[in-house]
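Colleague: Provide a 3D model corresponding to the input given below.
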Amino acid sequence: MKALRIERENVTRFHEVEPVSPGLADVRVAVRHIGLCGSDYNTFKGLNPLVQLPRIPGHEIGGEILSAGTDVDAAYRPGRRVIVMPYTSCGTCSSCRKGRPNACRYNRTLGVQQDGGLAEEIVLPAEKLILNDTLPARHLALVEPLSVGFHAVGRGRVQAGETVAVLGLGMIGMGVLIGAVARGADVIAVDPSGDKRALALAFGARHALPAGGEELTREVAKLTGDDGVDVAFEAVGLPATFTQAVDLAGFSGRVVYVGYSKAPVTYQTQFFNLKELDIMGSRNATLEDFHAVVAHLETIGDRADRLISKVFPFHEAEAALPYWDDHRDALKIIIERI
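Modeller: Down below sits the predicted model:
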C-alpha cells in the first residue's frame, strides 16, 4: 500500500507500507479525499511537539468502504461513503467520565500521535465512521475542520443577536464564523488576508477587518458602541491575538481559545476580573458537532467549494505541503484519490 510520510523537516516521500489487518469490529476504507490541516503543516516544518517523525499525516478524511468485519452493522457495506472521526478516547480519564471525550487526556489523533490517512486505505473501528452518501465527495473532507469551529461556537454559548469577533480566518476560524452565523450572531471577522476577509463576508460576516493592534481594538469598539464583543474567538495561535481577544471582549463577555500559542503569553490579568470574563479552551469536536456541520453543508450546497483552495491528485501529494509553504494564504488544500 502506498502512503505519504513526512520523513523529516520539509521532506515528504511516498513509501510502500504494510496494510493494517482489520479486526471483527473494523472497517477498511479507501481514502478518497483528505484535507491538510495546520497540524500537518507544523509537522512538515518541524514545529509540532506532539509528533514523532516519520509520520503519515492527515486526519480530515472522506472515504469509501471497501469491506467490514463480521461484527460491524450491515449498514457499513462496500461502496458507501464515510466521514472519519479521527480522535480516540480512553473512556476512563476525567474528561471522558464527564462526557467530554473530545478532550480525552489520552487522545491520539490520526496524523499526530499516530499515523494518519494520507494513504491508499485505512482501517478504523466502525464507531469512528459517519455514513454519508449525500454530500459531494470532496466536501466530506471539510467536515472535520469545520466541526472544530462549530464545537468552539458551542463552547462560547453563542446566541442569536450577539456580536462575536473571530481572530484568524484559516479553516478553523472559518468554521467558527460559519457556525456563529448559523446561530444568528453578528460576526466581525479579522485577518490580514484580503482574500480571506472577502470570503468571510461571502459566508455571512457582518464586518471583515485587517489584523492590527490598538487600531483594531478602536474599530471594534466603534462597531459595538464601545461595548466590545460578546464572544471573542482566537484561532491564530499567537501571543498578540491571545491578549487581543481579551481586549476585544466586553464586560461579562466570553473568550474562547481555539488556537494555541507556541510561545508564552503575557497578560494584564486585571481585565479577567474587571470584565468578569469567562475564558475557555476548545479542543477537537464531538459527534454532535460533526452532524451539525453535515446538516449545514447540505443546506449550502456548492457554496462550500469556495472553501477549497487547491486540489492535488494523490500521485502528486508529495508537492502539496511544499505548495502550502509557498502559498500561506491557501485556505484548504485537498488531496484526491478517485
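Colleague: you'd agree residue 181 is up against residue 202?
Modeller: No: counting by Cβ atoms under 8 Å, residue 181 sits too far from residue 202 to count as a contact (11.0 Å). Where C-beta positions appear, they are placed from N, C-alpha and C, glycine not excepted.
Colleague: in the protein, which ranges drop under the pLDDT threshold?
Modeller: Within the chain, not a single segment meets pLDDT under 70.
Colleague: Surely residue 252 is in a strand?
Modeller: Yes: under DSSP: H, G, I helix; E, B strand; the rest coil, residue 252 falls within a strand.
Colleague: List the contacts of it.
Modeller: 275-277 (Cβ atoms under 8 Å, 6 or more residues apart in numbering).
Colleague: One more: residue 81?
Modeller: Under the criterion of Cβ under 8 Å, 6+ apart, the neighbours of residue 81 are 32, 62-65, 131-133, 135, 137, 140.
Colleague: how's this structure carved up into domains?
Modeller: Domain segmentation of the chain under automatic domain parsing yields 2-133+308-336, 149-281.
Colleague: so of these, which one's packed in deepest?
Modeller: Burial of the domains of the chain is given as mean neighbour count (mean count of other Cβ atoms under 10 Å); domain 149-281 ranks first at a mean of 20.
Colleague: picking up where we left off before, as CSV, the contacts of residue 252 with distance to residue 323 and secondary structure would be great.
Modeller: Output for those, formatted as CSV (distance: Cβ to Cβ, whole Å; DSSP: H, G, I helix; E, B strand; the rest coil):
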residue, distance to residue 323, secondary structure
275, 42, coil
276, 46, coil
277, 40, coil
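Colleague: Tell me the one of those residues nearest residue 287?
Modeller: Set against residue 287, the nearest of the contacts of residue 252 by Cβ to Cβ is residue 277 (29.5 Å).
Colleague: correct me, but that closest one touches residue 250?
Modeller: No: using Cβ under 8 Å, residue 277 is not in contact with residue 250, being 9.1 Å away.
Colleague: And the residue nearest the centre of the chain, how close does it get to residue 16?
Modeller: The centroid of the chain falls nearest to residue 145 when counting by Cα atoms, centre = their mean (2.7 Å). Remark: distance between residue 145 and residue 16 (Cβ to Cβ, to the nearest Å) = 29 Å.
Colleague: again, but for residue 116
Modeller: Here the criterion is Cβ to Cβ. By it, residue 116 lies 17 Å from residue 16.
Colleague: Likewise for residue 185?
Modeller: 49 Å.
Colleague: Ok, residue 270 next?
Modeller: On the measure of Cβ to Cβ, residue 270 and residue 16 end up 58 Å apart.
Colleague: Likewise for residue 221?
Modeller: For residue 221 relative to residue 16 (Cβ to Cβ), the value is 58 Å.
Colleague: quick revisit: next helix or strand past the strand or helix carrying the residue nearest to the centre of the chain?
Modeller: Using DSSP states H and E, residue 145 sits in helix 143-155. Per DSSP H and E, the first helix or strand lying C-terminal to helix 143-155 is strand 163-167.
Colleague: could you point out which element follows that next one?
Modeller: Next helix or strand after strand 163-167 toward the C-terminus (DSSP H and E): helix 171-182.
Colleague: Give the next helix or strand downstream of that following helix.
Modeller: Using DSSP H and E, the helix or strand that directly follows helix 171-182 along the chain is strand 186-190.
Colleague: Can you show me the CA trace of the helix holding residue 145 as CSV?
Modeller: Only the C-alpha atoms of helix 143-155 are listed here, as CSV (Å, rounded to 0.1, in the frame of the first residue of the first chain):
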residue,chain,number,x,y,z
VAL,A,143,-16.5,18.2,7.9
GLU,A,144,-13.8,17.6,10.5
PRO,A,145,-12.1,21.0,10.4
LEU,A,146,-15.5,22.8,10.3
SER,A,147,-16.6,20.7,13.2
VAL,A,148,-13.7,22.0,15.3
GLY,A,149,-15.1,25.5,14.7
PHE,A,150,-18.7,24.5,15.4
HIS,A,151,-17.5,23.0,18.7
ALA,A,152,-15.8,26.2,19.7
VAL,A,153,-19.1,28.1,19.0
GLY,A,154,-20.8,25.7,21.3
ARG,A,155,-18.2,26.3,24.0
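Colleague: Show me what it packs onto, helices and strands only.
Modeller: The contact analysis (3 or more Cβ pairs under 8 Å, 6 or more residues apart in numbering; DSSP states H and E) places helix 143-155 against strand 60-68, strand 81-84, helix 171-182, helix 287-300.
Colleague: can you map out the helices along the stretch 1-150 of the chain?
Modeller: 38-44, 94-97, 143-155 (DSSP state H, counting those that start in this stretch).
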